[in-house]
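Trainee: Predicted model and sequence follow; I will ask about them next.
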Amino acid sequence: MDLSRFARRRYTDFATPIEPMPRFSAALAATCPGGRGPEVWIKRDDMLGLFPGGNKTRKLEFLVADALAQGADTLVTCGAPQSNHCRITLAAAAREGLKCRFVIEERVPGSYHPQASGNHFMFRLMGVETLTVVRAGSDMAAAMQREADDLASQGRRGYIIPGGGSNALGGLGYVACAQELQQQCFDRGLRFDHVVVGSGSSGTHGGLVAGFVGNRIDVPIIGVGVSRDPQQQEPLVLKEAQAVADLLGLQMQIPPEAVRSVGGYWQPKYSLPNARMVEAVQMLARTEGIPLDPVYTGKIMAGLIGLARAGEFAPGERVLFIHTGGLPSLHAFEDVVLGAGGPVAP
Ligand SMILES: *Cc1c(COP(=O)(O)O)cnc(C)c1O
């Protein structure tokens, strides 16, 4: 698969590290049937470039290159009040000398606070041009189009990036990740039995599936849902993977069985904490010194832990966890992840 015909900006000039996690694996095994569990490794996409990076950095390399090619002067995007995607898009805009506007969806009513810390603090620090808050369930595409129309009326040019950067072009970022991972495994003689990744707006999971299928990487991918159970999530991911494959001109159907997600770890609601997330965040921090975030990676790792305890991975199998970033929102949930905020949903 040749990505080189797509324009790309580079925001990370190295392959993100792949590291074993022996202490975490031992702690996990102690809670698995028979005291034996998988060997868990991590790919540090939380170390990608921009402020601080995460999975959106990979998508934006292609999306921002396209915006520049189209002569845009302003990026317009959307997300939740603590959106990592908005923060990384804004960082890319700053880096490129572009302006940036957000439409923020208050998915959990009452969750938008103009003085909030975490990502919201960074929105202000990095100088978002406008931030428009809309109610849950609003038509985000229409709201972003209004921003683009407003810019056009001033003789400016906006470039609309969908939520999470998850369209076919953004998904190329995770095709690039699949190729990077394949090369790292080849160079180091490494082989994984499973890959665990988050599954939200689906560009990461879908792009990775397209990259694995297209490059014949025969390792099953499990996407842990952060906002939907498999019945709703898997069709979205399959559609994204197919769109990415079509953009690449692969002339192939993505087999539906290549898309597998698990649910049950994101409840009670997108972005709201639960006890298994808190356990996962504490466990990784205390065994490996690696922070996870409460909205995404804490719940995704809770999924990996739950699957291991359910015997999904054979003892000794190698599981690669993709750390997709999100660390600033940790600071908006400090009491919760320390267990000091009182009981959270089980
Ligand atoms: C956006 C995000 C995800 C989910 O990725 P999608 O491509 O939206 O499915 C996972 N982890 C973090 C930290 C994110 O910010």
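Mentor: Everything's here; your move.
Trainee: Run through the residues that contact Leu169.
Mentor: Phe6, Lys59, Phe62, Leu63, Asp66, Leu247 (Cβ atoms under 8 Å, 6 or more residues apart in numbering). (C-beta placed from N, C-alpha, C; glycine too.)
Trainee: close to the ligand, is the helix or strand where the third one lies?
Mentor: Read it as Phe62. Applying DSSP states H and E as the criterion places Phe62 in helix 55-69. Yes. Applying Cβ under 6 Å from any ligand atom, one finds helix 55-69 in contact with the ligand at Asn55.
Trainee: Quick one: mean pLDDT over that helix.
Mentor: Average pLDDT, helix 55-69: 98.
Trainee: just stretch 119-126 next, same as before
Mentor: For stretch 119-126, mean pLDDT rounds to 96.
Trainee: what does it rub up against?
Mentor: 51, 81-84, 86-87, 90-91, 94, 102, 113-114, 131, 328-329, 332.
Trainee: Those residues also near the ligand: which ones?
Mentor: Near the ligand, by the rule Cβ under 6 Å from any ligand atom, you find Asn84 out of these.
Trainee: and which of the contacts of Leu169 is nearest Leu307?
Mentor: Minimum distance to Leu307 across the contacts of Leu169 is 26.1 Å, recorded for Lys59 (Cβ to Cβ).
Trainee: How far away from the center of its chain is stretch 203-211?
Mentor: Here the centre of stretch 203-211 is set off from its chain's centre by 11 Å, with Cα atoms, centre = their mean, to the nearest Å.
Trainee: wait, does that stretch contact the ligand?
Mentor: Yes. Counting by Cβ under 6 Å from any ligand atom, the ligand is contacted by stretch 203-211 at Gly203, Thr204, His205.
Trainee: Looking at the residues you listed, which are in helices?
Mentor: When DSSP state H is applied, the residues of stretch 203-211 next to the ligand are split such that Gly203, Thr204, His205 fall in helices.
Trainee: What residues does the first one make contact with?
Mentor: Yep, that's Gly203 we're talking about. Per Cβ under 8 Å, 6+ apart, neighbours of Gly203: Lys59, Gly164, Gly165, Ser166, Asn167, Gly170, Gly171, Gly173, Tyr174, Glu240.
Trainee: again with the second one
Mentor: Each residue near Thr204 by Cβ under 8 Å, 6+ apart is listed here: Asn55, Lys59, Ser166, Tyr174, Val197, Gly198, Ile322, Thr324.
Trainee: could you dump the residues of stretch 203-211 next to the ligand to JSON lines with pLDDT?
Mentor: What follows is these, written out as JSON lines (pLDDT from 0 to 100):
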{"residue": "Gly203", "pLDDT": "98"}
{"residue": "Thr204", "pLDDT": "98"}
{"residue": "His205", "pLDDT": "98"}
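Trainee: which SS class is the spatially closest residue to Val224 that is not a sequence neighbour?
Mentor: Nearest non-adjacent residue to Val224, counting by Cβ to Cβ, 6 or more residues apart in numbering: Gly303, 3.4 Å away. Following DSSP: H, G, I helix; E, B strand; the rest coil, we place Gly303 in the helix state.
Trainee: List the contacts of Ser199.
Mentor: His205, Gly223, Val224, Gly225, Val226, Arg228, Gln233, Val237, Ser261.
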